[in-house]
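Peer 1: Everything below, folded, please.
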Amino acid sequence: MLGQTLGGRYRIVKQIGKGGFGVTFVAEDTQRPGNPLCVVKQFKPMVTHRNTLREAQRLFNNEAETLENLGKHDQIPRLLAHFQENEEFYLVQEYIEGHDLSQEMPPNKQFSEAFVIQLLQEILSVLVFVHQNGVIHRDIKPSNIRRRQSDGKIVLIDFGSVKQITTQVVNSQGETNFTIAIGTPGYMPSEQANSNPQFSSDVYAVGMIGIQALNGRSPVQLPKDFNTHEIVWRNQVEVSQELADILDKMVRYDFRQRYQSSESALQALTTLIPHGTTKGHNQITVIPSSSESTPTTPIQPSPPAWKLLLGTGIATVLATSMATWYMFNPSTTPAENFSFYENSSLGIKIKYPQTWEIQNINNPITGEVVAFLSPQKNSSDKLSEKLTISVEDFSGTLDEFSNSSIQDINNHMTEAKIVNKSSTTLAQKPATQLVFTGKDEGNRLKNLQVYTLKADKAYVITYTAEIDNYDDFIQTAASMIKSFEIH
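Peer 2: I've put the predicted structure just below:
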């Protein structure tokens, strides 16, 4: 269907998903300025009997109205259109730039309690709105939760209820029957598999995501008690009694023993977080070089550094040489008044220009700690140059981290290209320096990245800029990188 136009306006660009219920595409809206991207979901009923199609049309229209209402929430995609064409049904929804949680939660990756608590809160807070509107999602899983690139918030997608249009048949008495249970094995509790979903069925799915994040295993890999049918998982991880008790209650086999609403589950989790802050949240101290304090601007968690740096312009070997020269010849850097940024809990310290804006990120998912943004040079300056610091858990070698980083860049960047890889030092430790390029939303960017390892952690500093502006602050960036300390 690539290149085909649906509904007279939605030109298919690529297919991004296919399953038993239909196919999902990214399309261009040819009737809006700039042809913005959108998501088109195609559903085809299993049976094309006239009565079946009539019932499917009714159900489809009802579900479209539901999605229209749910789309009023900032963290649920807006419904842009719905239509029927050639006995197939189509939904058109807002395209969410970002990545699925399945990418954040690869097999065998184990996360901290702080991460799990924060993630569960984020999901449940959106689910409260869904349930308050009388809707059961029915297919909550990592691949149906997106991390929005612009602000790092999660977005709940792919509601299972609309999939019923592909699974229903109508008998001779005009009664509707559904032939397939909606949901995904491992995240779908028994009552939902028996076509009797409850609000607590969604709570079960969220709880399974939390357990998966703690132990790194897919829910279908977890054993069950032969007599009680309860999930056996506590013996596989180190977890506090309080969090384990909450997760156990979220995933009870008998739905009557679970939290009966997403709101009650969310309330239970808030008791684990004193004064509304996440356990283990990094405490940040900024030490100005003068008597004046330097304001900081907290922001929502953002996507991984390489996602923010998508779309890098064509770098050159000359640029790499310049970066290295400036890093080891700080006398060539322009005169700047610097302050010190320090994160005592992570043991890091770096100089930054007083004219640059600080954005505290502290994202336990991506490892990003802080970003420094250059001042706007003029009114046409659309994208600030940025230097980002990330601290990630990593117990391998520097070469293994390099291979993993390069693989991530190649897998996720548009027109990704590793221009140069070389050895250097960071915080007086052996380090690797990369220059890599690509594109992001039409912006041609270029990145300089330096990383080193210490005590099962990776310390990553990335400078990114539009290609035409890359040299404007490369000297400043190199000076900042050279000043970086790990205690």
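
Peer 1: Apart from its neighbours in sequence, what residue is nearest the most centrally placed residue in the chain?
Peer 2: Per Cα atoms, centre = their mean, the C-alpha nearest to the average position across the chain is that of Arg147, at 2.5 Å. Excluding its sequence neighbours, the residue lying closest to Arg147 (Cβ to Cβ, 6 or more residues apart in numbering) is Gly98, at 4.9 Å. In short, each C-beta sits where N, CA and C put it, glycine included.

Peer 1: Would you mind confirming that the one you found is in contact with Asp151?
Peer 2: No: Gly98 is beyond contact range of Asp151, at 9.5 Å (criterion: Cβ atoms under 8 Å).

Peer 1: returning to what we had before: what's the helix or strand for the residue nearest to the centre of the chain?
Peer 2: strand 145-148 (DSSP states H and E).

Peer 1: That strand: what's the following helix or strand?
Peer 2: Assigned by DSSP H and E, the successor of strand 145-148 is strand 154-156.

Peer 1: Which neighbouring elements make contact with that next one?
Peer 2: Where contact means 3 or more Cβ pairs under 8 Å, 6 or more residues apart in numbering; DSSP states H and E, strand 154-156 is packed against helix 113-132, strand 145-148.

Peer 1: Out of the ones you listed, which is the most enclosed?
Peer 2: Most buried of those by mean neighbour count (mean count of other Cβ atoms under 10 Å) is strand 145-148; its value is a mean of 22.

Peer 1: what is the rounded mean pLDDT of it?
Peer 2: Averaged across strand 145-148, the pLDDT comes to 95.

Peer 1: partner strands of that strand, parallel or antiparallel?
Peer 2: Using DSSP bridges, strand 145-148 pairs in its sheet with strand 98-100 (antiparallel), strand 154-156 (antiparallel).

Peer 1: Just the residues contacting it, thanks.
Peer 2: 75, 96-101, 104, 123, 153-157, 209, 303, 365 (Cβ atoms under 8 Å, 6 or more residues apart in numbering).

Peer 1: which of those are buried?
Peer 2: 75, 96, 98-101, 104, 123, 153-157, 209, 303, 365 (16 or more other Cβ atoms under 10 Å).

Peer 1: hmm, back to that, please name the bridge partners of the residue nearest to the centre of the chain.
Peer 2: His99, Ile154.

Peer 1: now do Cys38
Peer 2: Ala27, Glu94.

Peer 1: Please apply the same query to Glu368.
Peer 2: Here Glu368, judged by DSSP bridges, has bridge partners Ser390.

Peer 1: What distance do you get for it to Ile211?
Peer 2: According to Cβ to Cβ, to the nearest Å, Glu368 and Ile211 sit 25 Å apart.

Peer 1: Which of those two has more residues huddled nearby?
Peer 2: Glu368 (26 against 23; other Cβ atoms under 10 Å).

Peer 1: Let me see the confidence value for that one.
Peer 2: Looking at Glu368, the pLDDT reads 89.

Peer 1: Distance check, it against Gln132.
Peer 2: Going from Glu368 to Gln132 by Cβ to Cβ gives 32 Å.

Peer 1: Got the domain ranges for this structure?
Peer 2: Split into domains by automatic domain parsing, the chain comes to 1-95, 97-161+186-281, 285-486.
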